[in-house]
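In: Structure for the following, please:
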Amino acid sequence: MTVSGSKHVARMGMDMFGPFPAAKQPISTREMEMDLIGNTRTHPVLSWDWRAIDLPAGAREDDDSRNDSGAGVYVLFSIDGRFIKRPKAIKYVYSSTLPVGTVVTYGKLKVVVVSSARNGAGDWEHIERNVVEDYRRLFGDEPPAAPLYIRLWSDSDNMGVISRADFDNVMLLTGR
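Out: Presented below is the predicted three-dimensional model:
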C-alpha cells in the first residue's frame, strides 16, 4: 500500500517476515500516527522494531540547524499552553551521529537516542522502552494514564537529503 502526499510517501514494506510500515522522507518530514489503545499504567513498555536504510549524514538532534532524525518514535502525552500550544512528548530516535543514551531537551520535548549509526545501520533492531519510567526520569512527575498518540517519524529537511526507515511490531506491553 502506498499513500502519497505533497512531499512525502508512506508505504508498506515487505520482507521475508511479511509487511511492515515504512517511511521514506524526501527532503521534508514524514510522519505516521498510530492509535495504540492502552493504559501505560498496565502496559508501560513501548516495543518496536526498526531499521535505518538511509540516515541524514551529519544530522545532530542537539543542533537546531542540523536537527534531523532518520527514524523516530514520538510518544505525545499532552499539549499545553495558553496561546501557543506546546506538546509534552518523548521522542525516541535513531541518530546519525549521537551516541545511544544521549538526551536532548527542547522545552517539553525530550529526545532520547536509542539507536545510533555509530553502532552501524541497516539491520533490524528491537527496542523496548518503559515510557512511564522514562517520563518520570525526564519530566520529574507522573505521566497521564495514556498518551495522546504515538507517531512514527522520519525527517531530513534540515540536511536536505532523503532518509528512509522501516518500522514493525509497534506495541504496548505489560511491565516486566
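In: Listing request: residues of this structure with sub-threshold pLDDT.
Out: For the chain, the stretches with pLDDT under 70 are 1-38, 176.
In: Now do the helices in it.
Out: Remark: helices assigned in the chain by DSSP state H are 131-139.
In: Name the single longest strand found in it.
Out: If you go by DSSP state E, the chain has its longest strand at strand 162-173.
In: now for it, which elements pack on it?
Out: Applying 3 or more CB pairs under 8 Å, 6 or more residues apart in numbering; DSSP states H and E, one finds that strand 162-173 contacts strand 18-26, strand 45-54, strand 71-80, strand 149-155. Heads up, the C-betas are built off the backbone N, CA and C, glycines and all.
In: deepest of those, which one?
Out: strand 149-155 (a mean of 23; mean count of other CB atoms under 10 Å).
In: Within the sheet, what are the partner strands of it, with directions?
Out: According to DSSP bridges, strand 149-155 forms sheet pairs with strand 29-34 (antiparallel), strand 71-80 (antiparallel).
In: Strand partners (parallel or antiparallel) of the longest strand of the chain?
Out: strand 18-26 (antiparallel), strand 45-54 (antiparallel).
In: My read is that Val93 contacts Ala71, right?
Out: Yes: counting by CB atoms under 8 Å, Val93 does reach Ala71; the two are 6.9 Å apart.
In: Now for these two: what residues contact both?
Out: Shared contacts of Val93 and Ala71 (CB atoms under 8 Å, 6 or more residues apart in numbering): Ser115.
In: what's the neighbour count on Tyr106?
Out: By other CB atoms under 10 Å, 14 other residues sit near Tyr106.
In: just Leu98 next, same as before
Out: For Leu98, the count of nearby residues is 21 (other CB under 10 Å).
In: wait, what's in contact with it?
Out: Counting by CB under 8 Å, 6+ apart, Leu98 touches 60-62, 104, 113, 116, 118.
In: Roughly how far does it sit from Pro44?
Out: From Leu98 across to Pro44, the span is 25 Å (CB to CB, to the nearest Å).
In: Repeat that for Asn158.
Out: For Asn158, the distance to Pro44 (CB to CB) stands at 33 Å.
In: who's more crowded, the two?
Out: Per other CB under 10 Å, whichever of Asn158 and Pro44 has more neighbours is Pro44, with 21 against 18.
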